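Participant: please find the sequence and the predicted model below.
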Amino acid sequence: MTLITVACHQLAPRIGDLAYNRTLSEGAIRGASGLAAQVIVLPELMQSGYAFMTREEAYAASEADDGPTLSLWCALANELDIIIVAGFCERLSAGRVANSVALIQPEGRLTVYRKAHLWNREKLIFTPGTEPPPVVETRVGRIATMICYDLELPEWVRLAALAGADLLCAPVNWPEGPRPAGERPGEIVRVQASAAVNRMFIAACDRYGAERGINWVGGSTIVDADGYPLAGAVSHQQEQRLVAQLPLAEARDKFISEHNHVHHDRRPVLY
């Protein structure tokens, strides 16, 4: 069975420091390519940083999809023959911004998804997306994208799975919150559950460090189609690069027993 090499590089972008963030992302992308990764996932809002105080501040740090950051990522995807999935603050019209993710293929095809489910103060900054998560046919398989809190909505993850996604790539910024001693972050547990109930691989790339009083989980993880971690899946407050080889074809087999299929067993008329 063909294996696909996927990398998640957990980094700490700086709020509003676009040049620094571009340099940081380029190093991560080149490093993943050096390990023969075919797909790399970077954090949410990698291009800009996260904790904006106002919409105006976010707009000043935003870029269009032909701006310098995405232009760099497109050039790197082509040069290194790698698929890049990374978050950016997208400039819209009339002073609006979106929390977006770019999926960039080596041949130059760009797919942009705007986060539909906004977390906490994001609702004061960003315009929510109105389109379902895209499922993109790539040379390695069908890849879906969404962002952070989108993963908390099981119906949204199910949409991508029902649309045929083999691998869901999700840039995230998971804020640290209280949890019982010895327990792993709930965000990681929910990623594992979503993978298992859909028999779909998931690669979630978090960030680490602190930004304007927010501490991050640092919980990047790559999970197989049975919901078991292949890399990461713990809180790690440092830079880390996770690499895993995924047999994506397994995601096309939705049977979990001779008579049970995770999607055909659904009975929506009862829900």
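Facilitator: Arrived safely, thanks for sending.
Participant: contact partners for the closest residue to Gln47 other than its chain neighbours?
Facilitator: Residue nearest to Gln47 in three dimensions, not counting chain neighbours: Phe88, with 3.7 Å by Cβ to Cβ, 6 or more residues apart in numbering. (C-beta placed from N, C-alpha, C; glycine too.) Counting by Cβ atoms under 8 Å, 6 or more residues apart in numbering, Phe88 touches Leu45, Met46, Gln47, Ser48, Glu63, Thr69, Leu70, Ser100, Val101, Ala102.
Participant: what's the answer for Pro180, then?
Facilitator: Going by Cβ under 8 Å, 6+ apart, the list of residues near Pro180 is empty.
Participant: tell me the phi and psi of it?
Facilitator: Phi and psi for Pro180, reported as degrees, to the nearest 10, are phi -60, psi 150.
Participant: and the gap between it and Leu151?
Facilitator: Pro180 is 21 Å from Leu151, where distance means Cβ to Cβ, to the nearest Å.
Participant: re the thing from before, which among the contacts of Phe88 gets closest to Gln38?
Facilitator: Ala102 (16.8 Å; Cβ to Cβ).
Participant: now the helices: where do they sit in the stretch 101-250 of the chain?
Facilitator: 122-125, 154-162, 186-198 (DSSP state H, counting those that start in this stretch).
Participant: mind checking the ones you listed for the one nearest to Ser33?
Facilitator: helix 186-198 (25.2 Å).
Participant: so what touches the closest one?
Facilitator: Outside helix 186-198, the residues touching it (Cβ under 8 Å, 6+ apart) are 151-152, 154, 157-158, 161, 168, 170, 172, 174, 179, 200-202, 204, 217, 219, 221, 223-229, 233-234, 262-263.
Participant: what angle separates it from helix 154-162?
Facilitator: 40 degrees (axes from the mean of the first three to the mean of the last three Cα atoms, to 10 degrees).
Participant: could I have helix 186-198 exported to CSV, CA atoms only?
Facilitator: C-alpha atoms of helix 186-198 as CSV (Å, rounded to 0.1, in the frame of the first residue of the first chain):
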residue,chain,number,x,y,z
GLY,A,186,-9.9,17.8,24.9
GLU,A,187,-9.1,19.2,21.5
ILE,A,188,-6.8,16.3,20.8
VAL,A,189,-9.4,13.8,22.1
ARG,A,190,-12.0,15.2,19.8
VAL,A,191,-9.7,15.0,16.8
GLN,A,192,-9.1,11.3,17.5
ALA,A,193,-12.8,10.8,17.8
SER,A,194,-13.6,12.6,14.6
ALA,A,195,-11.0,10.5,12.7
ALA,A,196,-12.4,7.3,14.1
VAL,A,197,-16.1,7.9,13.5
ASN,A,198,-15.4,8.9,9.9
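Participant: can you get me a residue count around Gly108?
Facilitator: For Gly108, the neighbour count with other Cβ atoms under 10 Å is 10.
Participant: how much space separates it from Leu76?
Facilitator: Gly108 is 12 Å from Leu76, where distance means Cβ to Cβ.
Participant: cool, Arg190 as well?
Facilitator: Distance of Arg190 to Leu76, given as Cβ to Cβ: 31 Å.
Participant: noted, bye for now.
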